[in-house]
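In: Return atomic coordinates for the entry below.
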Amino acid sequence: MRLPASVQELADVIGRERALYLVSQLPRCIVRDGRYKAATASRVILYVPRRMAADHELVRILGWHDAEKLRQHFGGEILHPSLCMELYRPFRDAAIRRLVGEGVPQAMVAEWFDVNPRTVKNVMMGGLVVEEIPQEGIEAANDNTAPVVNRRAG
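Out: Below you'll find the predicted structure:
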């Protein structure tokens with residue numbers, strides 16, 4: 001699967017696996033998602049300094065060699081890499097199904113994966129949100145029992 005462009009830039013410098021590892025280790029910034037009333041979204045922000053000390057967070061996460069590569073290529077820039085959820089989600093969902101299938105309570109699985117219990121329920125239902133729609137009293141638009149009116153006659 002292809003990486004998002006923002007992560008591919010990192011992968012071009014330090015490699016795919018290291019870029020994915022870096023994104024997974026960065027702290028999340030929770031922001032309000034304006035599309036829904038109480039929705040939030042996670043983002044990551046990565047500042048790559050022009051000069052890097054040996055105890056810098058990038059060095060701790062990647063090691064000196066890869067952190068130095070990033071500094072040489074992106075020094076002084078603020079990056080906003082994607083969280084790569086489209087890569088992570090299938091593995092997360094498979095693990096959720098396995099754990100719930102083994103008898104772990106859905107609430108505990110939700111806590112372990114830091115998701116809403118509704119997310120676990122949706123994963124267990126195959127990602128489909130099933131809603132009952134009452135069918136009583138609804139007539140089809142092409143109802144053949146309606147009276148036929150001949151407008152030409154008469």
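In: Going by C-alpha atoms from here, please, whenever you check contacts or count neighbours.
Out: OK.
In: got the contact list for stretch 103-120?
Out: Arg92, Ile96, Leu99, Val100, Lys121 (Cα atoms under 8 Å, 6 or more residues apart in numbering).
In: wait, which of those is closest to Lys37?
Out: The nearest member of the contacts of stretch 103-120 to Lys37, counting by Cα to Cα, is Lys121 at 21.3 Å.
In: per the record, what domains does the protein have?
Out: 5-83, 86-124 (automatic domain parsing).
In: Now mean neighbour count and mean pLDDT too, for those, in JSON lines please.
Out: Below are the domains of the chain laid out as JSON lines (neighbours: other Cα atoms under 10 Å; pLDDT from 0 to 100):
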{"stretch": "domain 5-83", "mean neighbour count": "15", "mean pLDDT": "91"}
{"stretch": "domain 86-124", "mean neighbour count": "14", "mean pLDDT": "90"}
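In: Downstream of the longest helix seen in the chain, the next helix or strand is which one?
Out: Of all segments of type helix in the chain, defined using DSSP state H, the longest is helix 85-101. Tracing the chain past helix 85-101, the next element assigned as helix or strand by DSSP states H and E is helix 106-112.
In: Put the alpha carbons of that next one into PDB.
Out: These are the backbone C-alpha positions of helix 106-112, laid out as PDB (Å, rounded to 0.1, in the frame of the first residue of the first chain):
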ATOM      1  CA  GLN A 106     -15.600  -5.100  24.300                       C
ATOM      2  CA  ALA A 107     -15.200  -2.200  26.800                       C
ATOM      3  CA  MET A 108     -11.800  -3.500  27.700                       C
ATOM      4  CA  VAL A 109     -10.700  -3.900  24.100                       C
ATOM      5  CA  ALA A 110     -11.900  -0.300  23.400                       C
ATOM      6  CA  GLU A 111      -9.700   0.900  26.300                       C
ATOM      7  CA  TRP A 112      -6.700  -1.000  25.100                       C
END
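In: about what we covered before: and the contacts of the longest helix of the chain?
Out: With contact meaning Cα under 8 Å, 6+ apart, helix 85-101 is reached by Met1, Gln106, Val109, Phe113, Val120, Val123, Met124.
In: Run the chain-centre distance for that helix.
Out: 12 Å (Cα atoms, centre = their mean, to the nearest Å).
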